Every structure is written in structure tokens, then in C-alpha cells.
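> please find the sequence and the predicted model below.
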Amino acid sequence: VQLVESGGGLVQPGGSLRLSCAASAFTFSNYAMSWYRQAPGKERELVATITSAGGSPYYADSVKDRFTISRDNAKNTVYLQMNSLKPEDTAVYYCKAEVWTMVAAVSYWGQGTQVTVSS
């Protein structure tokens, strides 16, 4: 199982970035996908979630109306479009795949990609 994030980098406040998370070795279309982030000295927090079919996106209040999560099940990829970036968006961003079985939740994490918002 592999989740590989890409698209992070340094951007000025007000700028945009698009993160991608490419999945392999599992049935991507069965899994809900999420983006989390972790800033230095802070706990990892949920940013956005999308269902396996691509519906019902959820956003943290801090990113609502600025970030958009989407997925392409044909390409086994989930995206996070980030607009109007703020310095407080600086963090390592992780993607997570999760499915709930009769017994327990099964989840996988990517290795993370750094996003730095600074002038």
C-alpha cells in the first residue's frame, strides 16, 4: 500500500497550491480520503474529507471556502486545491485513506508534503 503526496512548496500569502495524493496497491474507490495537516508543535488536525464516491465533502472551519477536496477514482488520486493561503496554513500535509469493516477501521497514511506560506 502506498500513498504519495506531492505539490507542496513555498508560496506567498494569498497564493494557491494544489496538492495531490496518488494511491496504489489497494482499491482506492472503496476508501474515504482525507487531508490532515500538522504544524510545528501542534497536533495533527483534519482539514478535509471526501467519501469514496466523491460526495459529501467536509471541511474544517479554518479552511472552509478556501480549500477544495476532490478525487479521481480512475486515476487513484485525491486532490486538495488551496486558495487564499495564509501563514497559519503552514504545515506538513498528509493524505489518509480509510474504510470501515465489520470489525474495525482500516487506514493508511502518506508520508506528507510540506506547505510553507510566507512572504
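Cool, the structure landed. Numbering: from 1, shown residues only.
> nearest spatial neighbour of Gly8, chain-adjacent residues omitted?
Thr113 (3.4 Å; CB to CB, 6 or more residues apart in numbering). All C-beta atoms are positioned from the backbone trio N, CA, C, and that covers glycine.
> for the one you found, list each beta-bridge partner.
Under DSSP bridges, the beta-bridge partners of Thr113 are Tyr93.
> thought it was touching Arg18?
No. Taking contacts as CB atoms under 8 Å, Thr113 lies outside contact range of Arg18: 11.2 Å.
> joint contacts of these two?
Residues touching both Thr113 and Arg18 (CB atoms under 8 Å, 6 or more residues apart in numbering): Gly7.
> between those two, which one's more packed in?
Between Thr113 and Arg18, counted using other CB atoms under 10 Å, the more crowded position is Thr113 (22 against 14).
> so who does the more buried one touch?
5-8, 19, 92-93.
> out of those residues, who's nearest Val103?
Glu5 (28.3 Å; CB to CB).
> now do the SS call for the closest one.
At Glu5, secondary structure determined by DSSP: H, G, I helix; E, B strand; the rest coil is strand.
> what bridges to it?
Here Glu5, judged by DSSP bridges, has bridge partners Cys21.
> doesn't Ser34 fall inside a strand?
Yes. According to three-state DSSP, Ser34 belongs to a strand.
> could you tell me which residues make contact with the residue lying closest to Cys95 once chain neighbours are set aside?
Nearest-residue entry for Cys95: Cys21, 3.4 Å, with adjacent residues in sequence omitted and distances by CB to CB, 6+ apart. Listed by CB under 8 Å, 6+ apart, the contact set of Cys21 reads 3-6, 33, 35, 77-80, 95, 110.
> what about those residues, which one has the most neighbours?
Among the contacts of Cys21, Val78 has the most neighbours (other CB under 10 Å), with 31 neighbours.
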